[in-house]
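Enquirer: I would like the atomic coordinates for the input below:
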Amino acid sequence: MKKALVHDWFSVYAGAEKCVESFTNIWDDFDVYSLIDFLSDKDRDIILKGKKANTSFIQKLPKAKTKYRNYLPLFPFAIEQFDLSEYDVILSSSHAVAKGVLTHSNQLHISYIHTPIRYAWDLYHQYLKESGLDKGFKGILAKYFLHKIRMWDISTINRVDHYIANSHYIARRIKKVYGKEATVIYPPVDVDKFELCKKKEEYYFTMSRMVPYKKIDLIVEAFSKTNKKLLVAGTGPDEEKIKKLAGNNIEFLGFISDKEAISYIQKAKAFIFAAEEDFGITPVEAQACGTPVICYGKGGATETVINNKTGIYFYNQTVDDIISAVNLFEKKDFDYNFIRKHALKFSRSRFEDEIKNFVEIEYHKWKGWD
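Expert: Predicted coordinates:
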């Protein structure tokens, strides 16, 4: 079984790369392909076991390391330039264009979908507004290119033989956009790195990259209207804007190490999560510490947080709803052992077993061995 692994881009070690890490844990003989590969040596050792990806021409374009997203209109063309004709099995890890690699009828292509392209589909109008591209000539160009990417994305649907979604939420999105059924295999969470802590301190905690859809501004604004202590970890383009919303009860920690993050999560009364995520790894990590999660009751978080048992939902992304959820949370008692036990269902070993079984079963069917 000669195998190729295709990933959109390697720039940082984030949620999608955790899945790739598991793929290379299961099979160490992948040839890896990606639009770009600018991983640090440390991250490459973890994710790709020291291998360097075969990259596209985008790797050599000006400022590709930091500005690769500016080349978005070229991504479909670039991904199609990989010659994968010699492989039996292609496993793609896709939140953008990886699923669109060219394959032929004698190949099995299984695609793990983190999401259909967000900024071309579900978040199209939001993306344009937040980028200031909803008006003017630049806006017309952006809309045109995103329209072309949608058309290309639809044209690639049948290049994939089997779709795997990272949540039922994404499976529904795949059905809506592509008209295809998807098997759900939840992504890996390193729950073993997060130990149970029953001794909580008098603060709430949130941690995220400070970009609009994460809604850190809403969390900060909500807590600023209370006397409850909130610790905020993370950096990003919206950092200064968010800090201007903060009251004296809000403390910004900036970038923190993994060890520091675990310590803060373990001791927090609750972890606050206001984004509508495809899955959401951080809420699971919090629960692995026995820490309840106060989260937006939509998207992948509803599949990992049990309302009133491992956390509390709020149903509108508003300041008032977050405040109400926090007040409700403080009236309830939570079983930290139960919360921890629930989080263990999302372990990395579980993910790797499910992926391995799925690929091997489908390969055997494809070969006519079953």
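Enquirer: so residue 252 is in which element?
Expert: In this assignment (DSSP states H and E), residue 252 forms part of strand 250-254.
Enquirer: quick one: strands adjacent to that strand?
Expert: strand 230-233 (parallel) (DSSP bridges).
Enquirer: starting at the chain centroid, how far to the strand it pairs with?
Expert: 21 Å (CA atoms, centre = their mean, to the nearest Å).
Enquirer: helices or strands up against the helix or strand of the chain with the lowest mean pLDDT?
Expert: Across the helices and strands of the chain, mean confidence by mean pLDDT, DSSP states H and E is lowest for helix 124-130: a mean of 80. Using 3 or more CB pairs under 8 Å, 6 or more residues apart in numbering; DSSP states H and E as the contact test, the elements touching helix 124-130 are helix 136-155. Just so you know, the C-beta spots here come from the backbone N, C-alpha and C atoms, and that holds for glycine as well.
Enquirer: ok now the next helix or strand after the helix it packs on, how far from the chain's centre?
Expert: The first helix or strand that comes after helix 136-155 along the chain, using DSSP H and E, is strand 162-165. The chain centre lies 16 Å from the centre of strand 162-165; the measure is CA atoms, centre = their mean.
Enquirer: contacting residues around strand 162-165?
Expert: By CB atoms under 8 Å, 6 or more residues apart in numbering, the residues outside strand 162-165 that reach it are 108-113, 171, 173-174, 178, 180-185, 355, 358, 362.
Enquirer: Quick check on those: which are buried?
Expert: By neighbour count, with 16 or more other CB atoms under 10 Å, the contacts of strand 162-165 hold 108-113, 171, 173-174, 178, 180, 182, 185, 355, 358, 362 as buried.
Enquirer: Strands along the stretch 1-150 of the chain, start to end?
Expert: 3-7, 31-34, 54-55, 89-94, 108-113 (DSSP state E, counting those that start in this stretch).
Enquirer: would you list those strands in CSV and tack on distance to residue 322 and mean pLDDT?
Expert: Below are these laid out as CSV (distance: least, CB to CB, whole Å; pLDDT from 0 to 100):
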stretch, distance to residue 322, mean pLDDT
strand 3-7, 35, 98
strand 31-34, 38, 98
strand 54-55, 42, 98
strand 89-94, 33, 98
strand 108-113, 30, 98
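Enquirer: Distance to residue 43 added to these, as JSON lines?
Expert: Shown next, in JSON lines, are the strands of the stretch 1-150 of the chain (distance: least, CB to CB, whole Å):
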{"stretch": "strand 3-7", "distance to residue 43": "13"}
{"stretch": "strand 31-34", "distance to residue 43": "13"}
{"stretch": "strand 54-55", "distance to residue 43": "15"}
{"stretch": "strand 89-94", "distance to residue 43": "15"}
{"stretch": "strand 108-113", "distance to residue 43": "19"}
